[in-house]
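Trainee: Give me a 3D structure for the following:
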Amino acid sequence: MAILPFGEYKPDVSDYEGQATRNISNVLPRGDGYGPFPDFAILTQALPVGCRGGFYALKSDGSVAVFAGTSDRLWLASNTDYSWAPVSRVVAVTSITNASPAVVNYTGHPFVAGDKVVFSTSGALPTGLTAGTVYYVIAAGLTANAFEVSATSGGAAVNTSSAGSGTHSVTSTYSALSSDAQWQFAQFGNLVFATQKNAVLQVYNLASSAAFADTAGSPPQASYISVVGRFLVLSGLLSFPFRIQWSGLNDTTNWTSGVGSSDYQDFPDGGIVRGVAGGEFGTVFQDQAIRRMSYIPGSPLIFQIERIAQDLGLFAPYSIVRAGSLIFFHSAQGFYKIAPGGIPEQIGREKVDRTFFDDLDKTELRMFIGASDPRSTRAFWAYKSTSGTTGLYDKIIGYDSALDRFFPILMTGEYLLGMSQPGITLENLDTLSASIDALAASLDSFAVSTQPLIAQFSSAHKMGFFSGSNLEATLETAEQGADGEQVFCSGFRPVTDAPTVYGSLSYRNLTSETPTSLPEILRNSRTGNCDLRRSTKFTRMKIRIHASTNWTFSAGVHPAIRPDGQT
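Mentor: The predicted structure follows:
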């Protein structure tokens with residue numbers, strides 16, 4: 001019998017004598033079927049609490065700076081030991097005593113024992129403290145208005161032997177994120193911006209900053225940020241939810257309307273602005289409208305803004321994915337894409353939209369997070385299902401735009417993002433290891449550090465990439481029958497290069513019945529068959545490939561089915 005392929009994943013439609021499948025997991029679509037999906041591999045040490053946003057920035061020396069946000073702080077990853085240092089805005093302290101132990105006086109400070117802090121000063125810190133070094137708040141001496149620090153977590157208090165000079169500051173906190181929000185980041189030249197609506201827009205200079213600071217020019221507080229051409233664009237504004245506002249041309253410190261091309265646009269219809277996809281053109285997403293903004297050099301209008309969709313908007317603000325020249329998003333009607341200069345096109349209708357929407361926990365849309373994999377033609381969306389755990393996504397749905405195929409992944413995490421491997425310069429190799437052979441990570445990873453990969457922060461608050469061993473894969477065929485006639489299935493032969501495969505068979509006599517599965521068996525090592533026997537009217541064949549198995553493709557099965565005389 002001809003090969004019965006593992007078809008396209010279309011859980012929205014019946015697979016009765018069809019070509020589509022309703023049951024695959026942890027696989028990537030290929031031209032010849034499916035391939036394996038790699039497991040999560042940890043790279044960094046843990047953030048102290050759950051991740052609420054992540055971003056990578058490219059520095060002028062070719063290395064990568066990795067930032068993360070938690071509810072009320074911002075963090076920068078070390079490119080040597082992958083630990084996290086606080087880089088939140090700094091606040092001046094009242095004083096640091098010249099004493100053993102040193103006491104930092106800071107009225108109403110937000111710290112608890114174990115918190116990381118970094119000191120800076122306009123003059124010289126007291127001897128015993130070093131600017132830019134990570135210290136830990138300790139329980140000893142901790143009061144509402146004072147604290148002591150240690151050089152190690154839970155270690156002895158630091159002593160000082162001078163008073164220092166100037167104004168001393170310490171990294172502090174922001175107003176906590178709203179329960180439905182995440183930090184968002186953008187890079188504009190050598191500047192990294194971080195925003196959330198409860199805080200002033202923050203900026204970090206990759207060449208000179210030790211911590212984020214309030215952006216000059218009084219920009220509005222905003223939930224979302226993007227770069228459109230040579231403008232920084234803010235949306236989801238705290239005080240003006242129906243407005244977008246942009247900086248001056250090549251001037252992120254100018255937010256005065258009518259000066260240096262800075263301006264704003266209020267929308268009379270279409271609902272609240274939920275985000276802007278950046279690029280050479282901006283794509284503005286509202287609740288019930290989508291608009292395109294095009295820069296007009298020399299015009300007093302600054303941007304020409306035209307509606308490209310009516311009664312169609314963004315359902316989840318963090319579902320926007322910009323992948324090369326394409327934009328992907330999820331509306332209340334399902335998954336869409338927008339090609340350059342085009343209008344929204346449905347990509348999930350009668351494929352995954354109904355199944356996905358029923359599975360999505362609509363009360364926790366901040367966990368519905370989109371990201372792209374620039375090495376391929378794939379976009380990914382992590383989301384919390386109705387059976388998931390609060391604060392975590394438990395599933396990922398991917399889409400390959402070249403093959404026009406969706407695929408589901410079972411994965412738990414806190415935040416999904418496209419991320420580059422933190423890179424180092426040749427001059428800094430000695431900080432990693434005295435021996436190239438002893439390096440924990442391959443130099444090949446650093447050589448391509450500017451190429452983003454799909455990454456996540458795990459439930460343990462650690463960042464890493466999907467570069468581990470293969471996940472356990474499941475693939476099932478469409479349901480087969482003979483126009484309601486009885487058939488006898490004596491098994492099937494999986495078409496795959498996986499060395500070890502487990503097979504099972506489900507069956508039913510009426511399409512209204514719930515299928516019953518035969519016990520799973522190991523493929524016969526001599527014949528390559530899964531010898532399963534059943535007389536039935538309808539059957540599906542399923543294989544399972546264990547985690548960590550090395551394999552590259554699985555195309556389908558050769559079923560052994562013949563008419564059966566039973567009635």
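Trainee: Break down the chain into its helices, ranges please.
Mentor: Along the chain, counting by DSSP state H, helices occupy 353-359, 429-432, 443-447.
Trainee: From the chain's centroid, how far away is the longest one?
Mentor: In other words, helix 353-359. Distance, stretch centre to chain centre, for helix 353-359: 20 Å (C-alpha atoms, centre = their mean, to the nearest Å).
Trainee: Repeat that for stretch 559-566.
Mentor: 48 Å.
Trainee: What lies in contact with that stretch?
Mentor: Stretch 559-566 is contacted from outside by 1, 4, 477, 480, 482, 485-493, 529, 535, 539, 541, using C-beta atoms under 8 Å, 6 or more residues apart in numbering. To be clear about C-beta, it is placed using only N, CA and C from the backbone, and glycine gets the same treatment.
Trainee: go again using 7 Å as the cut-off
Mentor: With contact meaning C-beta atoms under 7 Å, 6 or more residues apart in numbering, stretch 559-566 is reached by 1, 4, 480, 482, 485-492, 535, 541.
Trainee: Also stretch 281-295?
Mentor: Contacts for stretch 281-295 (C-beta under 7 Å, 6+ apart): 226, 228-229, 233, 244, 267, 269-277, 303-314, 320, 327, 329, 338, 344.
Trainee: With respect to the helices of the chain, which exhibits the lowest mean confidence?
Mentor: Ranked on mean pLDDT, the bottom entry among those is helix 443-447, at a mean of 42.
Trainee: list the contacts for the residue most central in space within the chain?
Mentor: The chain has residue 416 as the residue nearest its centroid, 1.6 Å off, counting by C-alpha atoms, centre = their mean. The contact partners of residue 416, taken as C-beta under 7 Å, 6+ apart, are 369, 371, 380, 382, 396, 456.
Trainee: who's it bridged to?
Mentor: Here residue 416 sits in beta bridges with residue 456, going by DSSP bridges.
Trainee: gap between the residue nearest to residue 368 when sequence neighbours are not counted and residue 305?
Mentor: In space, and not counting its chain neighbours, residue 368 is closest to residue 316: 4.1 Å by C-beta to C-beta, 6 or more residues apart in numbering. Plainly put, residue 316 is 23 Å away from residue 305 if you go by C-beta to C-beta, to the nearest Å.
Trainee: what's the answer for residue 324, then?
Mentor: Residue 324 is 23 Å from residue 305, by C-beta to C-beta.
Trainee: Compare neighbour counts for these two and give me the winner.
Mentor: Remark: of residue 324 and residue 305, residue 305 carries more neighbours, 15 against 11, as counted by other C-beta atoms under 10 Å.
Trainee: any idea how far that one lies from residue 293?
Mentor: Residue 305 is 5 Å from residue 293, by C-beta to C-beta.
Trainee: What score does residue 350 have for pLDDT?
Mentor: Residue 350 carries a pLDDT score of 96 in this model.
Trainee: Quick check, it in contact with residue 8.
Mentor: No: in this structure, residue 350 is not within contact of residue 8 by C-beta atoms under 7 Å, at 11.2 Å.
Trainee: In terms of neighbours, single out the busier of these two.
Mentor: The residue with more neighbours, out of residue 350 and residue 8, is residue 8; 19 against 12, by other C-beta under 10 Å.
Trainee: so who does residue 309 touch?
Mentor: 289-290, 343-344.
Trainee: Select from the residues you listed the one having the most neighbours.
Mentor: residue 290 (24 neighbours).
Trainee: For that residue, give the beta-bridge partners.
Mentor: Residue 290 forms beta bridges with residue 285, residue 309, as assigned by DSSP bridges.
Trainee: Distance-wise, check it relative to residue 338.
Mentor: In terms of C-beta to C-beta, residue 290 sits 8 Å off from residue 338.
Trainee: Quick check: neighbours shared by the two?
Mentor: The contact sets of residue 290 and residue 338 overlap at 283, 344 (C-beta under 7 Å, 6+ apart).
Trainee: What is the burial count for the nearest residue to residue 411 once chain neighbours are set aside?
Mentor: Closest residue to residue 411 apart from its sequence neighbours, by C-beta to C-beta, 6+ apart: residue 396 at 5.1 Å. Other residues lying near residue 396 total 24 when counted by other C-beta under 10 Å.
Trainee: can the contacts of residue 309 go into JSON lines with extra columns for pLDDT and distance to residue 98?
Mentor: Shown next, in JSON lines, are those (pLDDT from 0 to 100; distance: C-beta to C-beta, whole Å):
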{"residue": "289", "pLDDT": "98", "distance to residue 98": "62"}
{"residue": "290", "pLDDT": "98", "distance to residue 98": "61"}
{"residue": "343", "pLDDT": "96", "distance to residue 98": "68"}
{"residue": "344", "pLDDT": "97", "distance to residue 98": "64"}
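Trainee: List just the nearest of the contacts of residue 416 to residue 16.
Mentor: Lowest distance from residue 16 to the contacts of residue 416 (C-beta to C-beta) belongs to residue 396, with 27.9 Å.
Trainee: The residue nearest to residue 411: what's it in contact with?
Mentor: Contacts of residue 396 by C-beta under 7 Å, 6+ apart are 380-382, 409, 411, 416.
Trainee: and if we set it to 6 Å?
Mentor: Shown in contact with residue 396 (C-beta atoms under 6 Å, 6 or more residues apart in numbering): 380, 382, 409, 411.
Trainee: wait, residue 267 sits on residue 242?
Mentor: Yes: applying C-beta atoms under 6 Å, one finds residue 267 in contact with residue 242, separated by 5.2 Å.
Trainee: Disregarding flanking residues, what is the spatial nearest neighbour of residue 366?
Mentor: residue 180 (5.1 Å).
Trainee: ok, now residue 488?
Mentor: Spatial nearest neighbour of residue 488, excluding adjacent residues (C-beta to C-beta, 6+ apart): residue 564 at 3.9 Å.
Trainee: Give me the distance between the one you found and residue 558.
Mentor: In terms of C-beta to C-beta, residue 564 sits 19 Å off from residue 558.
Trainee: Please apply the same query to residue 241.
Mentor: Distance from residue 241 to residue 558, by C-beta to C-beta: 58 Å.
Trainee: Also residue 366?
Mentor: Going from residue 366 to residue 558 by C-beta to C-beta gives 46 Å.
Trainee: Of those two, which one has the most company?
Mentor: residue 366 (19 against 16).
Trainee: Mind pulling up the pLDDT for the more buried one?
Mentor: If you check residue 366, the pLDDT there is 97.
Trainee: and if you look at residue 464?
Mentor: So, for residue 464, pLDDT stands at 94.
Trainee: cool, and residue 485?
Mentor: In this model, residue 485 carries a pLDDT of 87.
Trainee: residue ranges with poor pLDDT in the stretch 351-500 of the chain?
Mentor: 421-452 (pLDDT under 70).
Trainee: And the chain, by the same measure?
Mentor: 1, 421-452, 566-567.
Trainee: ok, now with 80
Mentor: For the chain, applying pLDDT under 80 flags the ranges 1, 374-375, 420-452, 482-484, 565-567.
Trainee: Out of the contacts of stretch 559-566, which end up buried?
Mentor: For the contacts of stretch 559-566, a burial check counting by 16 or more other C-beta atoms under 10 Å picks out 4, 480, 487-489, 491-492, 541.
Trainee: in the sheet, who's paired with residue 35?
Mentor: Assigned bridge partners for residue 35, using DSSP bridges, are residue 28.
Trainee: Is it in contact with residue 26, as I believe?
Mentor: No: distance between residue 35 and residue 26: 10.6 Å, which falls outside the contact criterion (C-beta under 6 Å).
Trainee: Neighbour count for the two, which is higher?
Mentor: Legend: neighbour count by other C-beta under 10 Å for residue 35 and residue 26, higher for residue 26 (23 against 16).
Trainee: Please report how far the residue nearest to residue 366 lies from residue 364.
Mentor: 8 Å.
Trainee: Quick one: neighbours of residue 404, just the number.
Mentor: When counting by other C-beta under 10 Å, one arrives at 13 neighbours for residue 404.
Trainee: From residue 554, how far out is it?
Mentor: Distance, residue 404 to residue 554, using C-beta to C-beta: 20 Å.
Trainee: Likewise for residue 103?
Mentor: 64 Å.
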